[in-house]
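[1] pasting a predicted model and its sequence here:
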Amino acid sequence: MSAVKITVGGSVEEDAAHRFVDAWHRAERGETFHERHLAFESWDTLARVLTGKRMELLRYVRRHKVASVRALAKALGRDYSNVHADVQALIAAGLIEAWCRFRIQDMTMPVQNAALQIRKAYGFSYRDSAIVAAARTLGCDRLYTEDLNHGQLVEGPAIMDRFR
């Protein structure tokens, strides 16, 4: 997570325009830079975005590697849906980055067909078969789940239970 400059009040649009022009000129000179700016129109707006629970969430994410919203909710001892809503609000505000380190596999016809074949071959539910098919399509060598047998090989990823 990189540093973020937060501005409250003032002429938000004018400040953003000046930063844009400055960045443009710096880029023309060949300078490389990475800056993050967030602007809130008032302290009330900032307070609505940065509630106490969201600040706690930000502190936790800053200090720990977080694999998912569910894992974050569990670590914070909070309800998943509330944590999910807070994460979405903080992503929208630009205060945390979406968890993009994991690739997402679209449910295409080839993946659906593979899921049906896996279901027939292994007797898994369609949901579990679709997850295995997506992991295989993405080239995963391991699939972490509590729902299937630990160590099982399924034409691709090894099934792993992280609690074993």
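    Thanks, I have it. Numbers count the residues shown, from 1 in each chain.
[2] who are the neighbours in contact with Gly139?
    By C-beta atoms under 8 Å, 6 or more residues apart in numbering, Gly139 lies in contact with nothing. Using the backbone N, CA and C atoms, a C-beta is placed for each residue, glycine as well.
[3] Leu38: neighbour count?
    The number of residues packed around Leu38, counting by other C-beta atoms under 10 Å, is 14.
[4] which SS class is it?
    The three-state assignment at Leu38 reads strand, by DSSP: H, G, I helix; E, B strand; the rest coil.
[5] distance check, it against Arg54.
    Taken as C-beta to C-beta, to the nearest Å, the spacing of Leu38 relative to Arg54 amounts to 14 Å.
[6] could you do Lys65 as well?
    Distance, Lys65 to Arg54, by C-beta to C-beta: 19 Å.
[7] higher neighbour count, the two?
    Set side by side, Lys65 and Arg54 show more neighbours around Arg54, with 20 against 7, by other C-beta under 10 Å.
[8] in space, what's closest to that one - neighbours in sequence excluded?
    When the adjacent residues along the chain are set aside, Arg54 lies closest to Asp86, with 5.0 Å between them (C-beta to C-beta, 6 or more residues apart in numbering).
[9] how far away is that neighbour from Leu76?
    Summarising the geometry, the distance separating Asp86 from Leu76, computed by C-beta to C-beta, is 9 Å.
[10] those two - which one has more neighbours?
    Here Asp86 and Leu76 are compared on neighbour count by other C-beta under 10 Å; more neighbours surround Asp86, at 22 against 17.
[11] please, which helix or strand holds the more buried one?
    In this assignment (DSSP states H and E), Asp86 forms part of helix 80-93.
[12] what's that helix packed up against?
    The criterion is 3 or more C-beta pairs under 8 Å, 6 or more residues apart in numbering; DSSP states H and E, and the helices and strands that helix 80-93 contacts are helix 43-49, helix 52-63, helix 69-76.
[13] for those helices, which one ends up most surrounded?
    Each of these was assessed for mean neighbour count using mean count of other C-beta atoms under 10 Å. The highest is helix 69-76, with a mean of 16.
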